[in-house]
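Trainee: kindly return the folded structure for what I paste below:
(4 chains)
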Number of protein chains: 2
Amino acid sequence: MRERSSKTGLYTVDAVLMTAMGNQLAILLVRNSSERERWSLPWRTPQTGESLDAAAASTAEEALGESPTWMEQIGAFGDGKRHPSEADVSVAYLGLVPHETASPRASYTWFQIGDLPPLPPRQRTMVEGATKTLQSSLDQAPIAFRLLPATFTLSELQQMYELLLGKRLHKASFRRALQAAWLVEPMDEWRSEGRGRPAQLFRYLPKKKRRPHRGVRFDFLYP
Amino acid sequence: MRERSSKTGLYTVDAVLMTAMGNQLAILLVRNSSERERWSLPWRTPQTGESLDAAAASTAEEALGESPTWMEQIGAFGDGKRHPSEADVSVAYLGLVPHETASPRASYTWFQIGDLPPLPPRQRTMVEGATKTLQSSLDQAPIAFRLLPATFTLSELQQMYELLLGKRLHKASFRRALQAAWLVEPMDEWRSEGRGRPAQLFRYLPKKKRRPHRGVRFDFLYP
DNA sequence: TGACTTTAGTCACATAAAGTGACTAATTCG
DNA sequence: CGAATTAGTCACTTTATGTGACTAAAGTCA
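Mentor: Numbering: from 1, shown residues only, chains lettered A, B, ... in the order given. Model (predicted):
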């Protein structure tokens, strides 16, 4: 990632890297000493012949020191809003990492999503887009599992869903749905977290075959 | 849209314009005499200062002679695949139009999606992306209504959903779900389609307030 | 005209899923 | 030991979906 490199290209690749921190989502920002804005999303100008996906992966690794557990393009942003580069267009990627294993490089810092510093306008739009993408991908992709360590308790999983959905879930319902989806696999390990009965550990079990929805659900929110 | 304009930019905007034709989706292609491929998606190189959305809208209008009833960005495509331009990156948009009102300009032709001619590789990827986006937006956005005329019968609406979902639906279930969603409004008109009882006409009724999903549904297909 | 066909629209019952409170289990703390 | 705490399950209620059969309103044709 370079700052205001002069005319190296007409587009950039920007990364919205997310993790679950406390009981909120957090985004990784980098300090920009030479910019008007103090903080920005990690970004770079792809090199000639470098694919968008590759550029995004590099940007993420440079920031995190490791690969995100999930990466997905959000879209291209170009509506005249200001960006640290002079590019007309920026392609944004959403990346997820479990907070437990993430150790960002120096000059990179996690900010809770409710407490973000001012960002370049185009990147602010990207963050909003990333949040929306995350929400709508929630039941299409294993988002929650990619924000958790490889093994977890069902209570942890439920808390992650509660964080992502922004509402409380009933324990029995949650587990019943989880069981029906055949998405997790119990391990022969238990974890005692201070007081209370120890919880069994589970891991994500990618499944090929799923029964399809039964009927039609007109569940869209509006126009 | 210009053909192989030399280095006017490093990215293009391409439009995947869809309609429902017969009992399949169809895509609007344009004949390219000077290209190796005979057909391609409509595309253009945005002018300086032109936003992506504006460029996509222009491209669509140029092809259709009118605005699509729905337009949405699919994403940016840049993975080294060949494109009619020399751009590294192309931003694709999905546009929808009712077949009844669409009258493409000369040199533009609808092709059913199961019967597409060879396309430039990058555009082939875009078409696949558009199809996927369409499927997954089906219950998030009023896709079906944007492919129908302003007024329609419930049987027509059901047939559109059947086309989009690729499966038959039970009439009673369909109408019950539709009613619960409060998405259409009956008109005081009936249409007699040859034999059989005349059908009442309805129109789309965008609704602000929807009840939220109740619980968790782990309905994603796989990893 | 009147029986038959065709498409629209609805009903009632069966089955399945989701909401919910209360229960049992295993551990720590004092 | 008993209270507190967290895990995990059960049984019952409520709501949603699946489905076949029904009624309604037109056209067709002998």
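Trainee: which helices and strands sit right next to the helix or strand of chain A with the lowest mean pLDDT?
Mentor: Lowest on mean pLDDT, DSSP states H and E among the helices and strands of chain A sits helix A:171-181, with a mean of 93. Helix A:171-181 is packed against helix A:154-165, with contacts defined by 3 or more Cβ pairs under 8 Å, 6 or more residues apart in numbering or on different chains; DSSP states H and E. C-beta: built from backbone N, CA, C; applies to glycine.
Trainee: got the contact list for the helix it packs on?
Mentor: Helix A:154-165 is contacted from outside by A:20, A:23-25, A:134-135, A:138, A:143-145, A:147-148, A:168-169, A:171, A:174-175, A:178, A:184, A:199-200, A:202, B:216, using Cβ atoms under 8 Å, 6 or more residues apart in numbering or on different chains.
Trainee: if we use 6 Å, what do you get?
Mentor: A:20, A:23, A:138, A:144, A:147, A:148, A:168, A:169, A:174, A:199 (Cβ atoms under 6 Å, 6 or more residues apart in numbering or on different chains).
Trainee: any idea how far the fourth one lies from DNA strand D?
Mentor: Okay, so that is residue A:144. 16 Å (Cβ to the nearest atom of the strand, to the nearest Å).
Trainee: nearest residue to that residue other than its sequence neighbours?
Mentor: residue A:160 (4.6 Å; Cβ to Cβ, 6 or more residues apart in numbering or on different chains).
Trainee: neighbours of the one you found, how many?
Mentor: By other Cβ atoms under 10 Å in any protein chain shown, 20 other residues sit near residue A:160.
Trainee: hang on, the earlier thing: could you see whether DNA strand C lies near the least confident helix or strand of chain A?
Mentor: Yes. If you take Cβ under 7 Å from any atom of the strand as the test, helix A:171-181 does meet DNA strand C, through A:171, A:172, A:173, A:176, A:177, A:180.
Trainee: centre of the chain to that helix, how far?
Mentor: Its chain's average C-alpha position is 24 Å from that of helix A:171-181, according to Cα atoms, centre = their mean, to the nearest Å.
Trainee: one more: stretch A:30-39?
Mentor: Distance, centroid of stretch A:30-39 to centroid of chain: 22 Å (Cα atoms, centre = their mean).
Trainee: repeat for stretch A:72-81
Mentor: Distance of stretch A:72-81 from its chain centroid, counting by Cα atoms, centre = their mean, is 16 Å.
Trainee: show residues contacting that stretch.
Mentor: Contacts of stretch A:72-81 (Cβ under 6 Å, 6+ apart): A:88-94, A:121-122, A:125-126, A:129-130, A:133, B:51-52, B:73, B:75-76, B:91.
Trainee: so which of those belong to strands?
Mentor: A:89, A:90, A:91, A:92, A:93, A:94, B:73, B:75, B:76, B:91 (DSSP state E).
Trainee: now neighbour count and distance to DNA strand D too, for those residues, in a markdown table please.
Mentor: Formatted as a markdown table, the ones in strands among the contacts of stretch A:72-81 follow (neighbours: other Cβ atoms under 10 Å in any protein chain shown; distance: Cβ to the nearest atom of the strand, whole Å):
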| residue | neighbour count | distance to DNA strand D |
| --- | --- | --- |
| A:89 | 25 | 40 |
| A:90 | 26 | 39 |
| A:91 | 29 | 36 |
| A:92 | 27 | 33 |
| A:93 | 28 | 33 |
| A:94 | 25 | 29 |
| B:73 | 19 | 30 |
| B:75 | 23 | 30 |
| B:76 | 26 | 35 |
| B:91 | 29 | 35 |
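Trainee: redo the residues you listed as TSV? Include pLDDT.
Mentor: Shown next, in TSV, are the ones in strands among the contacts of stretch A:72-81 (pLDDT from 0 to 100):
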residue	pLDDT
A:89	95
A:90	97
A:91	98
A:92	98
A:93	98
A:94	98
B:73	98
B:75	98
B:76	98
B:91	98
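Trainee: in chain A, mark out all the strands, start to finish.
Mentor: Using DSSP E, strands in chain A cover A:11-21, A:24-31, A:39-40, A:43-44, A:70-77, A:89-96, A:108-112, A:151-153, A:184-191, A:199-204.
Trainee: out of the ones you listed, nearest to residue B:108?
Mentor: strand A:70-77 (24.4 Å; Cβ to Cβ).
Trainee: quick one: the closest one to strand A:89-96, angle?
Mentor: Using axes from the mean of the first three to the mean of the last three Cα atoms, to 10 degrees, the inter-axis angle of strand A:70-77 relative to strand A:89-96 is 160 degrees.
Trainee: how many neighbours does residue A:197 have?
Mentor: Residue A:197: 8 neighbours (other Cβ under 10 Å).
Trainee: ramachandran coordinates for it?
Mentor: Residue A:197 adopts backbone torsions of phi -60, psi 140, taken as degrees, to the nearest 10.
Trainee: quick one, grab the pLDDT at residue A:22.
Mentor: For residue A:22, the pLDDT comes out at 89.
Trainee: confidence score at the nearest residue in space to it that is not next to it in sequence?
Mentor: If the residues on either side of it in the chain are set aside, residue A:22 comes closest to residue A:112, at 6.8 Å by Cβ to Cβ, 6+ apart. In this model, residue A:112 is scored at 98, pLDDT.
Trainee: same check, this time on the one 5 residues further on
Mentor: pLDDT, residue A:117: 97.
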